[in-house]
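S.K.: Give the three-dimensional model of this entry:
(2 chains)
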There are 2 protein chains.
Amino acid sequence: MIVIKVGGGEGINYDAVCDDIAQLWQEGQQLIFVHGGSHRTNQVADALGHPPQFVTSPSGYTSRLTDRATLEIFQMVYCGQINKTLVERLQRRGVNAVGLSGIDGRIWQGPRKKVIKVVENGRTRIMRDNFTGKVTEVNRDFLQNLLSAGCLPVLTPPAISFEGEAMNVDGDRAAAATAAAFRAEELLILSNVPGVLRHFPDENSLIPQLNADQIDQVAEEHAQGRMRIKLLGAQEALVQGVHRVVLGDARGQQPILRALDGQGTVIIQAQPEEAA
Amino acid sequence: MIVIKVGGGEGINYDAVCDDIAQLWQEGQQLIFVHGGSHRTNQVADALGHPPQFVTSPSGYTSRLTDRATLEIFQMVYCGQINKTLVERLQRRGVNAVGLSGIDGRIWQGPRKKVIKVVENGRTRIMRDNFTGKVTEVNRDFLQNLLSAGCLPVLTPPAISFEGEAMNVDGDRAAAATAAAFRAEELLILSNVPGVLRHFPDENSLIPQLNADQIDQVAEEHAQGRMRIKLLGAQEALVQGVHRVVLGDARGQQPILRALDGQGTVIIQAQPEEAA
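M.R.: Predicted coordinates:
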């Protein structure tokens, strides 16, 4: 099993992504495809008069402030526009794709954080009406049932809370939880940068390889914004038995084949002898 | 099997719809739920600067003019906002709902009409860049697989063309095709009117019962706008073995239980003795 997460930033080459997925799928490779949609969501939220807001947690992670109106716009773009145009692209390439959110069939379940702490101008404050949470349970049986029927799952946030509420979750970490549930050989997390950069935004400063036990230090010293969450997702996947994580680039041709070939930041389990 | 179609007009009581569905589902009734989203799509299309346009065919049916931009807005609202908020409502009521479009798993397939004829000011003209079509094949195995796994399918247009393109289809007729594929006992088509009205919009002029062989005449003489397509859907379902169709009202409390109880316009197979 390979779990492929492709972000929703500007510049993603979705046609090339779907070309690669179709090729791998037709070769018999088991796949689950997870996608984002942040760039387009920001555009639609602006157009609908409810512009996006981002907040930073006390531990330094950035995320979308998700009130109920934002959640519904988020669903429009992620589950409607992006998910269905990806499913259509795959269907046109002969792949029997099935697009689902984490709400459907309770694929991604976990606790909702109704109240969050955010840091603004150096001060921590409490925010309510928050529809975000974290995936702690993956409905593996449901996904396996789809795969056994010859269908490729195309998954997107939101997820569902234990109380049955839709909630925004981080797509990278949801993909990591999915990869962990299948003990996938590979988790690819592709976005619009080449991987982890030593000197962001200098794309020539790519860190080509890491061991799992180096993630904390690299996240602290080198990773900006969204990359910190991707590293956290990578770490969560590796701890739960995923063999290899590649943080790669989805902007050019053959983005998935290149990532499988090791282009990007490749992260592997720490080797006992190296860790000593 | 009961197939329930609830339209997307103004005034639909979605909470009451989901209450009834949850009750029936928990009693063990097999269901497929199909929904619309036209009213909200019009609002979002306006807000995004691509206002809706409706066209009338030479045979007198009204439909949404669907170019590619409209199709993507349509998907945002139908597959994103409406579908996922319905799935969420059902999950909160303990129903393991799974929301899908007709593209997913090729649930609803058929020919696309790339070119349509429309009547404007009494003159017929040709329009291209059209993403509409008709459902001629329902992936019954896929839906049966979901039902067997204890999941309630929540379906929405668009459908998929034989060439793998997303295309807008009429939701009432897609629901009719689905009911036909399962030889359902009942097809309920609920909207924001009480049923077929003899003197539209006088809600006291409801036609309470019809035989299938009266549909053509009633459609010709009494049915306005969207009701003509609902009658066509009813006819298609009955011809293909569905036992009973009810055109009912989804605005009040217990809309589905009331329709099952015969409130609305009930249409049954023509009885040979009556038809003589």
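
S.K.: I figured A:Gln26 hits A:Leu90, correct?
M.R.: No: under the criterion of CB atoms under 8 Å, A:Gln26 makes no contact with A:Leu90, lying 11.1 Å away. Using the backbone N, CA and C atoms, a C-beta is placed for each residue, glycine as well.

S.K.: mind listing what the closest residue to chain B within chain A touches?
M.R.: Ranking the residues of chain A by distance to chain B (CB to the nearest CB) places A:Gly80 first, at 2.5 Å. Counting by CB atoms under 8 Å, 6 or more residues apart in numbering or on different chains, A:Gly80 touches B:Gln75, B:Met76, B:Val77, B:Tyr78, B:Cys79, B:Gly80, B:Gln81, B:Asn83.

S.K.: in stretch A:144-159, what's buried?
M.R.: Using 16 or more other CB atoms under 10 Å in any protein chain shown as the burial criterion, the residues of stretch A:144-159 that qualify are A:Asn145, A:Leu146, A:Leu147, A:Cys151, A:Leu152, A:Pro153, A:Val154, A:Leu155, A:Thr156, A:Pro157, A:Pro158, A:Ala159.

S.K.: A:Trp25 is in contact with the fifth one, correct?
M.R.: Yes: taking CB under 8 Å as the contact criterion, A:Leu152 and A:Trp25 are neighbours in contact, 5.9 Å apart.

S.K.: circling back: next one, pLDDT for the closest residue to the residue of chain A closest to chain B other than its chain neighbours please.
M.R.: Once flanking residues are discounted, A:Gly80 sits nearest to B:Gly80: 2.5 Å by CB to CB, 6 or more residues apart in numbering or on different chains. B:Gly80 carries a pLDDT value of 98.

S.K.: now the helices: where do they sit in the stretch 151-276 of chain A?
M.R.: A:171-181, A:215-221, A:226-239, A:255-260, A:272-275 (DSSP state H, counting those that start in this stretch).

S.K.: Tell me who's in contact with A:Asp249.
M.R.: With CB under 8 Å, 6+ apart, A:Asp249 has these contacts: A:Leu190, A:Ser191, A:Asn192, A:Val193, A:Pro194, A:Gly195, A:Pro255, A:Arg258, A:Ala259, A:Gln263, A:Gly264.

S.K.: where's the nearest residue to the third one once chain neighbours are set aside, which helix or strand?
M.R.: Going back to what we said before, that points to A:Asn192. Leaving out its chain neighbours, the residue that sits closest to A:Asn192 by CB to CB, 6+ apart is A:Gly9, at 4.1 Å. For A:Gly9, there is no helix or strand it lies in under DSSP states H and E.

S.K.: Just to check, A:Gly9 is in contact with A:Ser191?
M.R.: Yes: the pair A:Gly9 and A:Ser191 passes the contact test of CB under 8 Å, sitting 5.6 Å apart.

S.K.: which of the two has more neighbours?
M.R.: It is A:Ser191, of A:Gly9 and A:Ser191, that has more neighbours when counted by other CB atoms under 10 Å in any protein chain shown, with 25 against 18.

S.K.: Next, give phi and psi for the closest residue to the more buried one other than its chain neighbours.
M.R.: Among residues not flanking A:Ser191 along the chain, A:Gly7 sits closest, at 3.8 Å (CB to CB, 6+ apart). A:Gly7 adopts backbone torsions of phi -70, psi 170, taken as degrees, to the nearest 10.

S.K.: And for the one 5 residues further on?
M.R.: Listed backbone geometry of A:Ile12 is phi -70, psi 140, with angles given as degrees, to the nearest 10.

S.K.: and if you look at A:Val6?
M.R.: According to degrees, to the nearest 10, A:Val6 has phi -120, psi 120.

S.K.: That one against A:Gly37, yeah?
M.R.: No: the criterion here is CB under 8 Å, and A:Val6 misses it with A:Gly37 at 10.1 Å.

S.K.: List phi and psi for A:Gln240.
M.R.: phi -100, psi 10.

S.K.: nearest spatial neighbour of it, skipping sequence neighbours?
M.R.: Nearest to A:Gln240 is A:Ala180, by CB to CB, 6+ apart, at 3.5 Å.

S.K.: For A:Arg68, give its distance to B:Leu65.
M.R.: A:Arg68 sits 32 Å away from B:Leu65, going by CB to CB, to the nearest Å.

S.K.: And the two? Which one has more around it.
M.R.: Shown here are A:Arg68 and B:Leu65; by other CB under 10 Å, B:Leu65 has more neighbours (17 against 11).

S.K.: Which parts of the stretch 1-150 of chain A are helices?
M.R.: Using DSSP H, counting those that start in this stretch, helices in the stretch 1-150 of chain A cover A:14-26, A:38-47, A:68-75, A:83-92, A:140-148.
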